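1. Pasting the sequence and the predicted model now:
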Amino acid sequence: MQNRFPVATLTGASLVIVTVAVAALIIGRSGPAPLVGSSSSPSASQATAPTPSAIAAAGPTATPKATQKPSAPGSPKPTPGPCNVAHLTSRITLWEGAAGSRIAHVELKNDGSAACLLDKLDRPQLVDGSGRIRIDGQTPPPSGQLTLEPGAVVSTLVSASNDCGPDPQPPVTVAFVFADGQRLVAEPVSPTDTTTPPCNGAGSPAAIDMHPWAR
């Protein structure tokens, strides 16, 4: 009996050690158990992120159109002022005879770089080469104005009658006195022109008048 007990005890102890070793080996291979409350599902951002195929199917994102700003109004054109005789040229193109009078065809041109206002009627004068005023016209009533753009040309007819003065010194021409006192002398037909109306009687007054300037 004394010999059997120790042998049985040793055999039982060996079985316990083998069993524990096998259990430890099995547990080590299976890996650590997951923690309580943890989740193996992907994160919310990974779950909702669109795939490349979904982006391609949706097409390009529309770019919002830029709001068009209203264009600024253009600057108003400056109001023309009265014509300056320094920017005007005038010339007689023709003398025409009539019963007891002579009629000058006259052109006027705006040689300036800006538009200006010209009275339709001025005070006409018949002058000769010495500067003598042979016939002086009357100051006309207000007659309205024309806007002369740069390069614009207007014309008029000037009729003179009953010049009973001495023989004129060439050249004879006509002049125009503006309402503001400026005076424009037309270029004569020629440097030797002595055209004057005939004297209809020394006791009769001389006269000169003009048609309105017109285009």
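-> Now that the structure is in, tell me what you want to look at. Numbering: from 1, shown residues only.
2. Every contact and neighbour count from this point should use C-alpha atoms.
-> Fine.
3. Now do the strands in this protein.
-> Assigned by DSSP state E, the chain shows strands spanning 81-82, 88-98, 101-110, 116-119, 123-127, 133-136, 145-148, 153-161, 173-177, 183-185, 207-210.
4. now for the last one, which elements pack on it?
-> By that I understand strand 207-210. Under the contact definition 3 or more CA pairs under 8 Å, 6 or more residues apart in numbering; DSSP states H and E, strand 207-210 sits against strand 123-127, strand 133-136, strand 153-161.
5. at 6 Å what do you get?
-> On a contact count with 3 or more CA pairs under 6 Å, 6 or more residues apart in numbering; DSSP states H and E, strand 207-210 meets strand 153-161.
6. I'd assumed D180 was in contact with D122.
-> No: applying CA atoms under 6 Å as the test, D122 and D180 come out as separate, 10.2 Å apart.
7. Between those two, which has more neighbouring residues?
-> The neighbour comparison of D122 against D180 (other CA atoms under 10 Å) goes to D122, with 25 against 7.
8. List the contacts of that one.
-> The contact partners of D122, taken as CA atoms under 6 Å, 6 or more residues apart in numbering, are F176, V177, F178.
9. Next, count neighbours for the residue nearest to it when sequence neighbours are not counted.
-> Nearest non-adjacent residue to D122, counting by CA to CA, 6 or more residues apart in numbering: F178, 5.4 Å away. By other CA under 10 Å, 21 other residues sit near F178.
10. before we move on, the earlier item: to G201, which of the strands of the chain lies closest?
-> For G201, the closest of those is strand 153-161, at 10.6 Å, according to CA to CA.
11. Just send the strands of the chain back as TSV, with mean neighbour count, distance to C199 and mean pLDDT too.
-> Compiled in TSV, the strands of the chain are given as follows (neighbours: other CA atoms under 10 Å; distance: least, CA to CA, whole Å; pLDDT from 0 to 100):
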stretch	mean neighbour count	distance to C199	mean pLDDT
strand 81-82	14	37	96
strand 88-98	17	13	96
strand 101-110	21	9	98
strand 116-119	19	31	98
strand 123-127	24	14	98
strand 133-136	19	12	98
strand 145-148	18	34	96
strand 153-161	21	8	98
strand 173-177	23	17	98
strand 183-185	19	24	98
strand 207-210	22	11	98
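12. Could you dump those into a markdown table and include distance to G201?
-> Formatted as a markdown table, the strands of the chain follow (distance: least, CA to CA, whole Å):
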| stretch | distance to G201 |
| --- | --- |
| strand 81-82 | 40 |
| strand 88-98 | 16 |
| strand 101-110 | 13 |
| strand 116-119 | 33 |
| strand 123-127 | 18 |
| strand 133-136 | 15 |
| strand 145-148 | 37 |
| strand 153-161 | 11 |
| strand 173-177 | 22 |
| strand 183-185 | 28 |
| strand 207-210 | 12 |
